[in-house]
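> A predicted structure for the sequence below; I have some questions about it.
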Amino acid sequence: MPLFVLLIASLLFGISSLANSAEKTGTQTYVEGFQTFLGSSVDTGQVRAFNLTASPIEIMQDGETVTRWAYNGQLPGPILRVQKGDRVQVTLTNQLPQNTTIHWHGVRVPNAMDGVPFLTQIPVKPGKSFTYDFVPQDAGTYWFHPHVRGHEQLERGLYGTLIVEDEFEGKYDQDLVWMLDDVLTEDDGSLDEDFDFKFLDTGGRLGNIITINGENTPKFTFKAGERIRLRIVNPSNARNYRLSFANLPSAIIAVDGNLVGEPQQVEIFDIVPGNRVDIDLTIPENLEGQSVHIANTFFHREASGSALEGPQTIAKISIVGKVAKPKTFPLPVHTAVPDWTNALNEKPDFIFDFDTAFDISSLWTNKAFVSFTINNKVFGDHDITQLKNNKFYRMRFNNGTGLYHPVHIHGVFFKVLARDGVPVNEPYFRDTALLDYDGSLDIGVVPADLGEWLSHCHLLEHAALGMKSTINVTD
Ligand code: C2O
Ligand code: CU
């Protein structure tokens with residue numbers, strides 16, 4: 001080949017490879033990183049069928065009979081366990097005096113199975129049934145709850161756990177779920193049933209009792225040397241938690257279902273409404289015979305002065321007996337969590353301002369005085385955010401209120417890039433993150449599932465007063 005041809009060829013080659021890398025250094029690397037993180041889809045061919053009946057139940061509390069709402073008569077609701085790739089079919093039967101649905105929080109389901117009334121399905125009327133049918137593709141701790149009058153239906157007791165098992169199944173001595181909820185009760189132990197006026201225009205309904213699996217300050221008995229996988233879910237209307245495990249070695253190994261790239265410190269993680277964290281908890285061998293108090297240390301700004309603020313014991317652990325042989329496997333981690341630090345160099349594609357507005361109709365309807373808005377609009381009037389599947393987007397949330405807003409987006413996992421303008425490198429994906437009072441939150445997201453998905457504040461009173469919008473993911 002003559003030299004000049006070679007020269008031209010190499011020039012051409014050089015130019016084309018330059019063009020290639022220009023494409024690559026854009027946001028395409030984030031898309032590829034996310035796809036590698038998700039891995040490929042699986043199908044076990046197994047069908048797992050469940051029935052969930054939502055109905056009022058009577059329970060005994062402090063010697064009094066009180067009414068709550070529950071799935072299958074259980075408070076909290078059942079724990080459904082399935083394998084990744086199983087076909088899950090859940091028939092919901094509504095025996096409540098209201099419409100209801102089930103939303104599979106954090107699970108990437110087909111849009112029509114997402115349980116959002118009038119967006120993805122017609123609500124299930126009293127006396128009627130609906131079957132949810134989906135194949136979970138991501139292992140981890142998920143939960144389910146109604147998406148109709150959530151601020152009432154969750155507070156009354158309607159929520160449960162969906163565990164999609166991963167390869168660490170059976171490795172731990174115990175695998176436990178803690179549903180960490182606060183309830184607001186009257187003096188006789190019954191629920192405060194004023195759902196539609198009280199708390200609606202504030203920081204939400206904060207309870208006067210913190211419960212784990214429905215019990216106030218429960219006791220757990222563990223053995224010295226035991227290693228426990230503790231799956232914590234926050235189904236509270238408005239309460240954030242930070243947990244302290246005292247002298248027990250603990251680490252967060254999963255956030256919102258997905259394993260983390262490296263273990264996280266429990267004591268500094270805000271578990272906000274909607275969040276799940278899986279904790280690897282070890283009971284040291286030398287603590288046999290002792291007891292340990294688990295505390296909540298989150299300080300709620302809205303509730304300063306309330307009895308539930310400041311560190312307080314939420315569970316008591318007695319250490320009785322000893323295991324023969326402690327488990328010593330390394331902390332589980334996800335090996336493909338992409339680093340999106342550079343994504344802050346991209347300009348935000350979308351900005352969402354969370355704010356409040358005076359609701360003039362409150363003057364004659366005796367309802368709450370404010371509505372909660374996203375970009376000055378309430379749900380129904382909201383802007384639909386148009387997104388393309390498998391593209392990277394940077395979003396910024398601004399908080400114009402002195403209130404907390406746990407931001408939840410259906411149908412996606414996202415990564416926090418900055419808080420209040422300060423870059424953070426969280427080695428994990430989430431589906432819910434706290435927008436701090438008067439603060440901002442920057443996230444990156446790659447939609448991977450088609451459809452119009454709800455995006456909202458998971459503080460349930462705020463959601464009830466309009467703080468919801470949608471993202472529409474198309475090809
Ligand atoms: Cu727990 Cu719209 O979600
Ligand atoms: Cu909010």
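Nice, thanks for sending it over. Ligands and ions are numbered 1, 2, ... in the order given.

> Please list the residues of the stretch 351-475 of the chain that sit near ligand 2.
Where the stretch 351-475 of the chain comes near ligand 2, counting by Cβ under 5 Å from the ion, the residues are 405, 457, 459, 462. In short, each C-beta sits where N, CA and C put it, glycine included.

> how about the residues you listed in JSON lines, adding secondary structure, neighbour count and distance to ligand 1?
Converted to JSON lines, these look like this (DSSP: H, G, I helix; E, B strand; the rest coil; neighbours: other Cβ atoms under 10 Å; distance: Cβ to the nearest ligand atom, whole Å):
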{"residue": "His405", "secondary structure": "strand", "neighbour count": "30", "distance to ligand 1": "13"}
{"residue": "Cys457", "secondary structure": "strand", "neighbour count": "28", "distance to ligand 1": "9"}
{"residue": "Leu459", "secondary structure": "coil", "neighbour count": "31", "distance to ligand 1": "11"}
{"residue": "His462", "secondary structure": "helix", "neighbour count": "31", "distance to ligand 1": "12"}
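
> I'd like the next helix or strand past the helix or strand of the chain with the lowest mean pLDDT.
Across the helices and strands of the chain, mean pLDDT, DSSP states H and E gives its lowest value to helix 3-23, namely a mean of 44. Moving toward the C-terminus from helix 3-23, the next helix or strand (DSSP states H and E) is helix 29-38.

> residues contacting the closest residue to Tyr71 other than its chain neighbours?
Nearest residue to Tyr71, sequence neighbours excluded (Cβ to Cβ, 6 or more residues apart in numbering): Gly77, at 3.7 Å. Counting by Cβ atoms under 8 Å, 6 or more residues apart in numbering, Gly77 makes contact with 52, 70-71, 144, 157-161.

> Just read off the phi/psi values of the nearest residue to Gly207 once chain neighbours are set aside.
Nearest-residue entry for Gly207: Asp182, 3.1 Å, with adjacent residues in sequence omitted and distances by Cβ to Cβ, 6+ apart. Main-chain dihedrals, Asp182, degrees, to the nearest 10: phi -110, psi 140.

> Can you read off the pLDDT for Asp182?
Among the per-residue scores, Asp182 shows a pLDDT of 95.

> For stretch 34-53, buried residues please.
Across stretch 34-53, burial judged by 16 or more other Cβ atoms under 10 Å covers 34, 37-38, 50, 52.

> Which strands border the stretch of helix or strand Arg48 belongs to, and is each parallel or antiparallel?
Element membership of Arg48 [criterion: DSSP H and E] is strand 47-61. If you go by DSSP bridges, strand 47-61 pairs up with strand 64-71 (antiparallel), strand 87-94 (parallel).

> With the flanking residues excluded, which residue is spatially nearest to the residue of the chain found nearest ligand 1?
Residue nearest to ligand 1 within the chain: His105 (3.7 Å; Cβ to the nearest ligand atom). Distances taken as Cβ to Cβ, 6+ apart place Trp143 nearest to His105, at 5.1 Å, with adjacent residues excluded.

> Now that neighbour: which helix or strand?
Using DSSP H and E, Trp143 sits within strand 140-145.

> State the distance from Ile314 to ligand 2.
Going from Ile314 to ligand 2 by Cβ to the ion, to the nearest Å gives 24 Å.

> Helix or strand: which one has that residue?
strand 312-322.

> Pull up the pairing partners for that strand, direction included.
Sheet pairing of strand 312-322 (DSSP bridges) gives strand 219-224 (parallel), strand 291-296 (antiparallel).

> Name the surrounding residues that touch the first one.
Under the criterion Cβ under 8 Å, 6+ apart, residues 173-174, 176, 228, 283-288, 315-323 lie in contact with strand 219-224.

> What residues sit buried inside stretch 202-222?
Buried residues in stretch 202-222 (16+ other Cβ under 10 Å): 202-207, 210-212, 214, 220, 222.

> How far off centre is it?
Centroid displacement of stretch 202-222 relative to its chain, using Cα atoms, centre = their mean, to the nearest Å, is 18 Å.

> before we move on, the earlier item: lowest-confidence entry in the buried residues of stretch 202-222?
Scanning those for pLDDT, the smallest score is found at Thr202, 80.

> before we move on, what SS does it have?
Under DSSP: H, G, I helix; E, B strand; the rest coil, Thr202 falls in the coil class.

> which neighbours does the strand or helix carrying Asn398 have in its sheet, and in what orientation?
Here Asn398 is covered by strand 393-399, with elements defined by DSSP H and E. Within its sheet, strand 393-399 is paired with strand 350-358 (parallel), strand 440-445 (antiparallel), according to DSSP bridges.

> Mean neighbour count, those strands: which tops it?
Mean neighbours per residue, mean count of other Cβ atoms under 10 Å, is largest over these for strand 440-445, with a mean of 22.

> buried residues in stretch 395-411?
395-397, 399, 401, 403-411.

> Would you mind confirming that Tyr275 makes contact with Ile252?
Quick fix: residue 275 is Asn, not Tyr. No - counting by Cβ atoms under 8 Å, Asn275 stays clear of Ile252, with 10.6 Å between them.

> of these two, who's got more company?
Neighbour totals were compared for Asn275 and Ile252, and Asn275 leads with 27 against 24 (other Cβ atoms under 10 Å).

> mind checking how far the more buried one is from Thr131?
Distance check for Asn275 against Thr131: by Cβ to Cβ, to the nearest Å, it reads 28 Å.
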